[in-house]
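1. Generate coordinates for the sequence data below:
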Amino acid sequence: MNQFLLIVSALLGEFEVDPTDGTSPINNAPEGWLDQFMSTAGWVALIFGLVAVIVFIFIAFKYKKTEIKPMSQDAIEYVITSLGGNSNLVSADSDGQRLRFTVKNVSTCDLVAIKDLGASGIFVSGNQVKLMFPFDATQLIISIQQLKKEV
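-> Purely as a prediction, here's the structure:
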């Protein structure tokens, strides 16, 4: 960039240029302010970019607040019935969003009905049925645990 400015200023004949170090004896020569601007422009662009990214992330998280709706009482009863009823359930547990049910007999469970309710990732291993619901199912676990305590 300095060479370009030297050539332009030499062609115009407006500035006296020392070819050894590329400086001009005239104060406030174009080379000086342009070099200073170019050295700070990168930092200004970087800071502006970081501020833009932070603002974008803030706006994205502000409007992304999705609340997980709780499971209705009808849905809780439907899941218990689809798992074979209270007599087929041994235990119910949750690990974050994943629910784990231990049943006596897996063949009595209607997993298609549970999938139609919105469950995803249904996995059967031995007597355990693991699945995830798109809504808060903690009340389902609490209801099953209370039913087991009553029996």
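2. pull the helix or strand with minimum mean pLDDT from the chain.
-> When the helices and strands of the chain are compared on mean pLDDT, DSSP states H and E, helix 2-12 comes out lowest with a mean of 61.
3. can you list the weak-confidence ranges in the chain?
-> Residues of the chain meeting the criterion pLDDT under 70: 1-35, 37, 65-66, 151.
4. Next, name the residue at the spatial heart of it.
-> residue 61 (8.9 Å; C-alpha atoms, centre = their mean).
5. Would you quantify the distance from that residue to residue 71?
-> Taking C-beta to C-beta, to the nearest Å as the measure, residue 61 falls 26 Å from residue 71. The C-beta positions use only the backbone N, C-alpha and C, and glycine is treated the same way.
6. now do residue 141
-> Looking at residue 141 against residue 71, where the rule is C-beta to C-beta, the gap reads 10 Å.
7. Between these two, which is the more surrounded one?
-> residue 71 (22 against 18; other C-beta atoms under 10 Å).
8. Need phi/psi at the residue nearest to the centre of the chain.
-> Comment: the main-chain dihedrals of residue 61 come out as phi -70, psi -30, following degrees, to the nearest 10.
9. Is residue 124 in a helix, a strand, or coil?
-> Secondary structure for residue 124, judged by DSSP: H, G, I helix; E, B strand; the rest coil, is strand.
10. Report the contact partners of it.
-> 106, 111, 130 (C-beta atoms under 8 Å, 6 or more residues apart in numbering).
11. Strands - which of the residues you listed land there?
-> When the contacts of residue 124 are checked against strands (DSSP state E), the matches are residue 130.
12. Select only the buried ones of the contacts of residue 124 in ChimeraX?
-> Isolation of the buried members of those (16 or more other C-beta atoms under 10 Å) is achieved in ChimeraX through the command below:
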select :106
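13. Now do the domain split for the protein, please.
-> If the domains of the chain are taken from automatic domain parsing, they occupy 2-63, 73-150, with pieces of a single domain joined by a plus sign.
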